[in-house]
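Asker: Give the three-dimensional model of this entry:
(chains A and B)
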Amino acid sequence: MIKKRVIASILVNNGYAVQSFGYEKYLPLGDPKILVENLARWKVDEIVITDISSSRNQSSIDFDLISNVSNISKGTPIIYGGGIASSKDASLVIQSGADRIVIENAFVKNKLTPKEVADEIGSQAIIMSLPVITKDNDFFYYDYIDKKQIEFSVLEDLINDPFISEFLITDVKNEGSINEVFNKELIEKSFFDNLDIICNGGIHSTDICNTLLNKTNVKAIMIGNKLNHTELSYLNFKNQVSTRAQNHLRF
Amino acid sequence: MVCMVRTKKTVGIINIAGGNIKSLYNAIDKKYCSVFEISDISKNIKFDAIIFPGVGNIASLSKRLFSNKNSFIYEHIQLERKIIGICMGFQILSEYSMETKPDSKGLNLLEGYTDKLKSVESHIGWNSVNFSQNSIFAKFDKNDFYFNHKYKLHDFNPNFITGSSHINEFETIPAVFEKNNLIGFQFHPEKSQLVGNELLNHALAS
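Answerer: Residues are numbered from 1 along each chain as shown, chains lettered A, B, ... in the order given. Alright, predicted model coming up:
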């Protein structure tokens, strides 16, 4: 049976790996290559590299970064997100050594369609990022660049697009939080019932991991800060979740 | 004293569809293989093995494959040299793919065609592969490998399927094809960490 994945997340800002606190404040962690080297040694299921400087400043993609991490990933699949604005960008990111890509802004702003990207790199390689924010007991897509919330109904066509293989749902409020955890109600929204989901943001307690890993539409959970500070954190993490959740994982 | 010099195998990675060949290049053991990128299939170059890598769009690969003179590939087959197809590179070895309309032509080196998975939209992540005892990869039985695909081989000859994977209780897919010098993997050995690298190098060495 297909295993659910525990994905390690590395945020990169101007060439440095950083710890994010709600995508507002960043603590530098150092060279992203060192983190990739450790995570690959611990045999994480996949590694996501998100270059926030490329996506926010809409600056050029750091292809050397992708190439360098790919060279030391020891066969660990690499997913890249940040600043991909055209199908040519997507193709160059893949050629630089990424195995899959994450796109958000270019799809939401209609600069690019999933089909255009799929024609270059195949739809199995396309993940769409969906930051989600709660307000008055309702859920909205959160546009980080324009700092505004958008009704999900506006994105209905994208959410049903057959050329997107998985959706990366980030809990904006709890991303980077030490005390609060991922709001599981986000993925219980009927809107997401038939999607293959990767959960991100505030996933640091075993309780929330157990809950998410047992949900049918959750195919992977993504963890950032928690994995970067202790040796063998990834293996320890897998050993700490419940037996039922472990049955879904690769050891 | 006679000194035996072991010559390296030459391996060509077909790169005409803009995929990620870096992982594949990194996975091959350079102690035993010299690896080359083949971006022009009209050139007549001889390799011990050629690999069709697995990231990209099959229509684009098929178009580029058949709009160029590709006799070197058929000559490679006639010389009974090794061909390894990975994921989409495995699917292009079949008769045709229904991933696009009109169907994309395959190399027709193995029976069957490529169409959608039946029970799920996509099969992404790590899954164990059950190898048959007569497979050259039998020692890798029940190891986990990394899959990333939406299409699979249909109407295949089961005699040559030597590895399979259960996506769920409803669907089992052909994961490994072996027939003489032709090997196909539906998963990505080059993205399957140490065990994947070992399997890939075993395929090249065998």
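
Asker: what's stretch A:240-251 in contact with?
Answerer: Residues from elsewhere that reach stretch A:240-251 (C-beta atoms under 8 Å, 6 or more residues apart in numbering or on different chains): A:3-6, A:45, A:206, A:209-210, A:213-214, A:238-239, B:126, B:144. C-betas here are computed from N, CA, C, even on glycine.

Asker: Columns distance to B:Thr10 on top of the residues you listed, output as JSON lines?
Answerer: What follows is those, written out as JSON lines (distance: C-beta to C-beta, whole Å):
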{"residue": "A:Lys3", "distance to B:Thr10": "36"}
{"residue": "A:Lys4", "distance to B:Thr10": "40"}
{"residue": "A:Arg5", "distance to B:Thr10": "36"}
{"residue": "A:Val6", "distance to B:Thr10": "39"}
{"residue": "A:Asp45", "distance to B:Thr10": "34"}
{"residue": "A:Thr206", "distance to B:Thr10": "50"}
{"residue": "A:Cys209", "distance to B:Thr10": "47"}
{"residue": "A:Asn210", "distance to B:Thr10": "51"}
{"residue": "A:Leu213", "distance to B:Thr10": "45"}
{"residue": "A:Asn214", "distance to B:Thr10": "49"}
{"residue": "A:Lys238", "distance to B:Thr10": "41"}
{"residue": "A:Asn239", "distance to B:Thr10": "44"}
{"residue": "B:Trp126", "distance to B:Thr10": "32"}
{"residue": "B:Asp144", "distance to B:Thr10": "31"}
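
Asker: List only buried entries from those.
Answerer: Buried residues within these, counting neighbours by 16 or more other C-beta atoms under 10 Å in any protein chain shown: A:Lys3, A:Lys4, A:Arg5, A:Val6, A:Asp45, A:Cys209, A:Asn210, A:Leu213, A:Lys238, B:Trp126, B:Asp144.

Asker: partner residues bridging the third one?
Answerer: Here A:Arg5 sits in beta bridges with A:Ala220, as judged by DSSP bridges.

Asker: mind listing what it touches?
Answerer: Contacts for A:Arg5 (C-beta under 8 Å, 6+ apart) come out as A:Asp45, A:Glu46, A:Ile198, A:Lys219, A:Ala220, A:Ile221, A:Arg250, B:Gly125, B:Trp126.

Asker: Give me the pLDDT for it.
Answerer: Per-residue confidence (pLDDT) for A:Arg5: 97.

Asker: same question, the fifth one
Answerer: A:Asp45 carries a pLDDT value of 97.

Asker: That one and chain B, how far apart?
Answerer: A:Asp45 sits at a distance of 6 Å from chain B (criterion: C-beta to the nearest C-beta, to the nearest Å).

Asker: excluding its backbone neighbours, what's nearest that residue?
Answerer: Computed as C-beta to C-beta, 6 or more residues apart in numbering or on different chains, the closest residue to A:Asp45 that is not its neighbour in sequence is A:Arg5, at 3.9 Å.

Asker: Can you flag which of the contacts of stretch A:240-251 belong to helices?
Answerer: Using DSSP state H, the subset of the contacts of stretch A:240-251 located in helices is A:Thr206, A:Cys209, A:Asn210, A:Leu213, A:Lys238, A:Asn239.

Asker: List just the nearest of the contacts of A:Arg5 to A:Val102.
Answerer: Relative to A:Val102, the closest of those is A:Ile198; by C-beta to C-beta it sits at 9.3 Å.

Asker: if you skip the residues just before and after it, what's nearest to A:Glu180?
Answerer: Closest residue to A:Glu180 apart from its sequence neighbours, by C-beta to C-beta, 6+ apart: A:Asn174 at 4.4 Å.

Asker: these two touch, right, that neighbour and A:Leu186?
Answerer: No. Shown here, A:Asn174 and A:Leu186 do not form a contact pair, counting by C-beta atoms under 8 Å, at 9.6 Å.

Asker: can you give me the offset of stretch B:145-157 from its chain's centre?
Answerer: 11 Å (C-alpha atoms, centre = their mean, to the nearest Å).

Asker: Helices along chain B, start to end?
Answerer: B:22-27, B:58-66, B:71-78, B:88-91, B:193-205.

Asker: Need the winner for burial among the ones you listed.
Answerer: Comparing the helices of chain B by mean neighbour count (mean count of other C-beta atoms under 10 Å in any protein chain shown), helix B:88-91 comes out on top with a mean of 28.

Asker: quick check: mean pLDDT across that helix?
Answerer: The average pLDDT within helix B:88-91 is 94.

Asker: Which neighbouring elements make contact with it?
Answerer: Helices and strands touching helix B:88-91, by 3 or more C-beta pairs under 8 Å, 6 or more residues apart in numbering or on different chains; DSSP states H and E, are strand B:49-52, helix B:58-66, strand B:151-154, strand B:182-185.

Asker: for the record, mean pLDDT for the second one?
Answerer: To tie it back to what came earlier, the one meant is helix B:58-66. Here the average pLDDT along helix B:58-66 is 83.

Asker: residue ranges with poor pLDDT in the chain?
Answerer: As the question left the chain open, I've gone with chain A. Applying pLDDT under 70 to chain A flags residues A:22, A:55-59, A:228-231.

Asker: my bad, chain B
Answerer: Residue ranges of chain B with pLDDT under 70: B:1-6, B:18.

Asker: Can you tell me which residue is spatially central in it?
Answerer: B:Gly85 (1.7 Å; C-alpha atoms, centre = their mean).

Asker: So what touches stretch B:156-166?
Answerer: Here stretch B:156-166 makes contact (C-beta under 8 Å, 6+ apart) with A:1, B:94, B:110-112, B:127-132, B:134-137, B:147, B:172-179, B:186-187.
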